[in-house]
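In: Sequence isn't available, so here's the structure alone:
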């Protein structure tokens, strides 16, 4: 649960309601009485180990961990959003790209990852030895595919951002040129009206097109 390094991933969490004895009510009624209690079941990616906590106690714990810097605040927020989604009856969102439906892996490979409790590409890329063992033969290759895919995605994202910034810069320059040409036209008209010779230079964009990075 604690964030030991920046690359560590949050654990998976699910929630359920269980009947728990209401001791005080049982004493008063003279027989067993129960009440519904919400539980959070937390398990790291690639592990079969589960930690069960009452939701109210768990929420207080992760709040304290985030406050002390032992858990990234975004993890705490993500866990709270997962709990809120469960309360609304919605599917709990994953933190990352789902393994299910990821086109890089075939259906059987996806199923192997899911069976090993690896639900996102990001978790597969960082999976430890226990997780690789649970995947079985070819686990290291699947991990390398996830790492390569994420690295390529980051590089593509950088290029897209650079192209976007370049387009904005070109648009700004074209707008500045248009304003200069308008001012020149107004000045030329003014000179004509006053009978003075006009020497106005029209500014035009560079003829060479801007090529996008691929």
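Out: Now that the structure is in, tell me what you want to look at. The model shown is predicted, which means the values in this text are computed figures rather than measured ones.

In: Can you tell me how far residue 140 is from residue 22?
Out: Distance, residue 140 to residue 22, by C-beta to C-beta, to the nearest Å: 51 Å. For every residue, glycine as well, the C-beta is placed using N, CA and C.

In: Counting neighbours, go ahead and name the busier of the two.
Out: Comparing residue 140 with residue 22 by other C-beta atoms under 10 Å, the one with more neighbours is residue 22, at 16 against 11.

In: how would you label the spatially closest residue to that one that is not a sequence neighbour: helix, strand or coil?
Out: Of all residues not flanking residue 22 in the chain, residue 35 sits nearest, at 4.4 Å (C-beta to C-beta, 6 or more residues apart in numbering). Secondary structure assignment for residue 35 (DSSP: H, G, I helix; E, B strand; the rest coil): strand.

In: what do you get for the one 3 residues further on?
Out: Here residue 38 is strand, with the state taken from three-state DSSP.

In: residues in contact with it?
Out: Residues counted as contacts of residue 38 (C-beta atoms under 8 Å, 6 or more residues apart in numbering) are 15-17, 54-56.

In: check contacts around the residue nearest to the spatial centre of the chain.
Out: Nearest to the mean C-alpha position of the chain, by C-alpha atoms, centre = their mean, lies residue 96 at 5.2 Å. When the contact criterion is C-beta under 8 Å, 6+ apart, the partners of residue 96 are 9, 120-123.

In: try 6 Å this time
Out: Residues counted as contacts of residue 96 (C-beta atoms under 6 Å, 6 or more residues apart in numbering) are 120, 122.

In: tell me the pLDDT at it?
Out: At residue 96, the model reports a pLDDT of 90.

In: you'd agree residue 92 is in a strand?
Out: No - under three-state DSSP, residue 92 sits outside any strand and is assigned coil.

In: can you count the residues close to it?
Out: Residue neighbour count, defined by other C-beta under 10 Å, stands at 17 for residue 92.

In: nearest residue to it other than its sequence neighbours?
Out: Spatial nearest neighbour of residue 92, excluding adjacent residues (C-beta to C-beta, 6+ apart): residue 82 at 4.6 Å.

In: What residues sit buried inside stretch 51-71?
Out: Within stretch 51-71, the residues that count as buried by 16 or more other C-beta atoms under 10 Å are 53, 55, 58-59, 62, 65-66, 71.

In: Among these, which ones are in strands?
Out: residue 53 (DSSP state E).

In: List just the nearest of the buried residues of stretch 51-71 to residue 175.
Out: Distance to residue 175 across these (C-beta to C-beta) is lowest for residue 66, with 45.4 Å.

In: shouldn't residue 40 be in contact with residue 54?
Out: No - counting by C-beta atoms under 6 Å, residue 40 stays clear of residue 54, with 7.7 Å between them.
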